[in-house]
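Q: build the 3D model from these lines:
(2 chains)
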Amino acid sequence: MQPIRTRFAPSPTGFLHVGGIRTALFAWLVARQSGGQFVLRFEDTDQKREVAGARQHLIDSLRALGLVYDEGPDIGGAYAPYVQSQRLDHYRIWAQRLIDAGRAYADPYSSAEVDAFRQQARTDKQAFLYRHHRPEQPPVWDGSQPLRFRSEPQPYKWHDEVMGDLSTGAEVIDDFVLIKSDGFPTYNFAHIVDDAEMHIDLIIRGQEFLASVPNYLNLYEALELTPPRMATVPHILGPDGNKKLSKRDGAKDVLDYLRDGFHPDALINFIASLGWNDATEQEIFSRQQLIDSFALDHVQRSGARFDERRLEWMNGSYLRSLAPGDIYTFCQDFWPVEALESSDDYKRQVLSLVQERLKFGAELPELTRFFFVDLPLNPELISGHKQLKKLSTDELRTLLLSAQSSLSQSDFSVDDLSARLNHLLEISGQKPAVLFSLIRIATTQAAASPGLADTLAVLGPERSLRRLQAQLDALTDLN
RNA sequence: GGCCUCAUCGUCUAACGGUUAGGACACCAGGUUCUCAUCCUGGCAAUUGGAGUUCGAUUCUCCAUGAGGUCACCA
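A: Numbers count the residues shown, from 1 in each chain, chains lettered A, B, ... in the order given. The predicted structure follows:
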């Protein structure tokens, strides 16, 4: 396989959401798979839309997900700079070539005049084409007017790595703006120059650019450039709508997912599988497996909905597979505040019990708080229990007293606790649903917890017996 | 309105003319001595509609419908 150079070229106008990440991921996968390079480039030609901090945010997001780029704004490379606002001289040179060849001209109209043309087209229920108003004797371009491309409309057929063979008629080709009156190039012009100069082999981008491709092809011809291969990926849709995923649809910053305790590998796996699969029934892919098996022609042509529940399942699957040391490291920032004073050893024991029920890191506090602090007694856990609510207070006390006397003799190893709990089951004649539930509730005051013997063993004798006593006291007060 | 693209279970998808239309998530039921979860077993559930082509269409063609994109001195 020939090495393929790909790029991710976001504009620093906001945070990076899953749609953007997916484009970056696919480009990264192709580069890694082929032994090529993955390039990051900032397309910051619209100063008005720039958002403070967005550049660093993009870099942080890619880093956090492990989408390491080989060349980019902050690390340089053979074709630096990788920031369009620092490449204006490059665009000037290519623009001059077009002017000299008679393929670019100054736009003499005011924006109000162009708007009027546009309005007329709308009234006539037609697509707006500037070239219908192309001036016969345009003024010499002095940089104060927009510079427009003099297109040569014709039909095009081309191949898209994802969408397949595409074609359009000449009616979609227009004289678009190359350089704005503020001196900055448009995306339409700048990306073509940059991709050519940076020797990008394959462009992967969202479907919002699909309609512009014929114009690009026309410009490539005027520039005497061979177009790179192109791949168009459909948008990721919101969870309940059909709209393109946006912040108000619940699209979150990928860093938010990381902050909530989603594992980068799981996030990568999930986003890759959103619209792509290798035609097998495999669902979980390691990073290397993704690199090995990814193929653009297996990317879905229709948009996919973002299903957070599936992400949670996948993340849980990843967390369960982590080795004890790795899950411990992963969870470091998610412990409840009450765990602050606890030893590493104790926290490791707790984690070994809750690892299999953790879907993402931010769930850790609610799952583990009772291991670190005595929760307030919650009478509803008993009064609302379908078995326990049938028992009298005296019966509950009797059961707890026998549990107390047996457990106080225990060394609190899991084996001994299990043996004693089984014995209690026999002598009390109660079902596990009654006896174990009661002891579990008394010692955790939590709606859910890991297995009883395991939980007691981690809690230890002091905490367990104290909580048993507290439950007894509460039941006594009721009498 | 013009142009382009898309269309399989609720969701993500497999089946590149022949399958009882497969898998996963979610959901439901049962099992794993208690809860929650894991794990196991089972269940529910789809080819947008209509014409063609063909011995045979999820698959090819056309039309309809629906959805998305685009028609910026934004990317």
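Q: average pLDDT across stretch A:110-129?
A: Averaging pLDDT along stretch A:110-129 gives 94.
Q: quick one: find the helix or strand in chain A with the lowest mean pLDDT.
A: In chain A, the helix or strand scored least confidently by mean pLDDT, DSSP states H and E is strand A:236-237, which has a mean of 84.
Q: which strands or helices does it pack on?
A: helix A:18-34, strand A:304-305 (3 or more C-beta pairs under 8 Å, 6 or more residues apart in numbering; DSSP states H and E). In this view, the C-beta of every residue, glycine as well, is placed from N, C-alpha and C.
Q: what sits up against the following helix or strand past the longest one?
A: Translated: helix A:18-34. Using DSSP states H and E, the next helix or strand after helix A:18-34 towards the C-terminus is strand A:38-40. With contact meaning C-beta atoms under 8 Å, 6 or more residues apart in numbering, strand A:38-40 is reached by A:5-9, A:27-28, A:31-32, A:58-59, A:62, A:67-73, A:77, A:82, A:198, A:200.
Q: apply 7 Å and report the result again.
A: With contact meaning C-beta atoms under 7 Å, 6 or more residues apart in numbering, strand A:38-40 is reached by A:5-8, A:27-28, A:31, A:62, A:69-73, A:82, A:198, A:200.
Q: now the very next helix or strand once past it and helix A:18-34, what's the angle there?
A: Following strand A:38-40 in sequence order, the next helix or strand is helix A:54-64 (DSSP H and E). Orientation check (axes from the mean of the first three to the mean of the last three C-alpha atoms, to 10 degrees): helix A:54-64 against helix A:18-34 gives 50 degrees.
Q: list the contacts of the very next helix or strand once past helix A:54-64.
A: Heading C-terminal from helix A:54-64, the first helix or strand you meet, by DSSP H and E, is helix A:88-100. Applying C-beta under 7 Å, 6+ apart, the contact partners of helix A:88-100 are A:104, A:141, A:147, A:178-179, A:183, A:185, A:189-190, A:193, A:197, A:222-223.
Q: so what's the gap between stretch A:213-231 and the chain middle?
A: From the chain centre to the centre of stretch A:213-231 is a distance of 31 Å (C-alpha atoms, centre = their mean, to the nearest Å).
Q: which of the contacts of helix A:88-100 are buried?
A: A:104, A:141, A:147, A:178, A:179, A:185, A:189, A:190, A:193, A:222, A:223 (16 or more other C-beta atoms under 10 Å).
Q: taking the residues you listed one by one, which sit in strands?
A: A:104, A:147, A:178, A:179 (DSSP state E).
Q: the third one against residue A:103, yeah?
A: No - with contact defined as C-beta atoms under 7 Å, residue A:178 does not count as touching residue A:103 (9.6 Å).
Q: give the buried residues for the longest helix anywhere in chain A.
A: Secondary structure of chain A per DSSP state H: the longest helix is helix A:452-478. Buried residues in helix A:452-478, counted by 16+ other C-beta under 10 Å: A:452-459, A:463-465, A:467-468, A:470-472, A:475.
Q: kindly report the same for stretch A:320-329.
A: Buried residues in stretch A:320-329, counted by 16+ other C-beta under 10 Å: A:322, A:327, A:328.
Q: now do stretch A:140-154
A: By 16+ other C-beta under 10 Å, the buried positions in stretch A:140-154 come out as A:141, A:145, A:146, A:147, A:148, A:149, A:150, A:151, A:153.
Q: just the endpoints, please. Distance across that stretch?
A: From its first residue to its last, stretch A:140-154 covers 27 Å (C-alpha to C-alpha, to the nearest Å).
Q: is that stretch anywhere near RNA strand B?
A: Yes - using C-beta under 7 Å from any atom of the strand, we find that stretch A:140-154 touches RNA strand B at A:145, A:146.
Q: what average pLDDT does that stretch get?
A: Rounded mean pLDDT across stretch A:140-154 is 96.
Q: in chain A, which segments are predicted with low confidence?
A: Low-confidence segments of chain A (pLDDT under 70): A:238-251, A:478-479.
Q: mind running it again at 80?
A: Under the criterion pLDDT under 80, the flagged ranges of chain A are A:237-252, A:477-479.
Q: list, one by one, the residues from the stretch 301-450 of chain A near RNA strand B.
A: So far as C-beta under 7 Å from any atom of the strand goes, the stretch 301-450 of chain A lies against RNA strand B at A:301-305, A:307, A:309-310, A:312-313, A:316-317, A:320, A:356-357, A:418, A:421-422, A:425, A:431-433, A:436-437, A:440, A:447-450.
Q: recalculate using a threshold of 6 Å.
A: A:301-305, A:307, A:309-310, A:313, A:356-357, A:418, A:422, A:425, A:432-433, A:436-437, A:440, A:447-450 (C-beta under 6 Å from any atom of the strand).
Q: which ones among these map onto strands?
A: In this view, those that belong to strands under DSSP E are A:304, A:305.
Q: for the closest residue to residue A:274 other than its chain neighbours, which residues are in contact?
A: Distances taken as C-beta to C-beta, 6 or more residues apart in numbering put residue A:304 closest to residue A:274, at 4.7 Å, once the chain neighbours are dropped. With contacts defined as C-beta under 7 Å, 6+ apart, the neighbours of residue A:304 are A:236, A:237, A:274, A:275.
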